[in-house]
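# sharing a sequence plus its predicted fold:
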Amino acid sequence: QVQLQESGPGLVKPSQTLSLTCTVSGGSINYYYWSWIRQPPGKGLEWMGAIGYSGSTYYSPSLKSRTSISRDTSTNQFTLQLTSVTPEDTAVYYCAKEDRVTWTLDYWGQGTQVTVSS
């Protein structure tokens, strides 16, 4: 059973960089694809980007200029960095595993609230 857990600061100031880490257990990030998704208050889910088993990265066109996803295979973690944040980046952030056979997100972390405020 794959398990994912997000971690990082819950409060970020405007113009700063949001950094989150997803720790994966029960599966290796050397396999499959691993995504970041967010849900702003009162809005739907937004896929932000993913990193593949080879380290290749894929980003939402709307966030590509501000987003970076990386990984540490020694700790089985992958990270999200979102630069130049504004209050509009306030959301619950999730990490998830992608199943590229069914094109679904089949395992999710519980999510972590990030608020952008001064």
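Received the coordinates, thanks. From a predicted model like this one, the values you see are computed outputs, not experimental measurements.

# middle-most residue in this structure, spatially?
Nearest to the geometric centre of the chain sits residue 36, at 2.6 Å (CA atoms, centre = their mean).

# residues touching that residue, list them.
Taking CB atoms under 8 Å, 6 or more residues apart in numbering, we find residue 36 in contact with 20, 22, 47-50, 69, 80, 93-96. Where C-beta positions appear, they are placed from N, C-alpha and C, glycine not excepted.

# quickly find the element holding it.
For residue 36, the host element (DSSP states H and E) is strand 33-39.

# what angle do the helix or strand following that strand and strand 33-39 make?
For strand 33-39, the following helix or strand on the C-terminal side (DSSP H and E) is strand 46-51. Calculated by axes from the mean of the first three to the mean of the last three CA atoms, to 10 degrees, strand 46-51 forms an angle of 160 degrees with strand 33-39.

# which neighbours does strand 46-51 have in its sheet, and in what orientation?
strand 33-39 (antiparallel), strand 57-59 (antiparallel) (DSSP bridges).

# if you compare those, which one is most tucked away?
Sort the strands paired with strand 46-51 by mean neighbour count, taking mean count of other CB atoms under 10 Å, and strand 33-39 sits at the top with a mean of 21.

# pull the distance from that one to the chain's centre.
Strand 33-39 has its C-alpha centroid displaced from the chain centroid by 4 Å (CA atoms, centre = their mean, to the nearest Å).

# pull the CA atoms of that strand into CSV?
Taking Å, rounded to 0.1, in the frame of the first residue of the first chain, the C-alpha atoms of strand 33-39 are listed here in CSV:
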residue,chain,number,x,y,z
TYR,A,33,4.9,9.4,-11.8
TRP,A,34,4.3,11.6,-8.8
SER,A,35,2.1,14.8,-8.8
TRP,A,36,1.3,17.9,-6.9
ILE,A,37,-2.3,19.1,-6.9
ARG,A,38,-3.9,22.0,-5.1
GLN,A,39,-7.4,23.1,-4.2
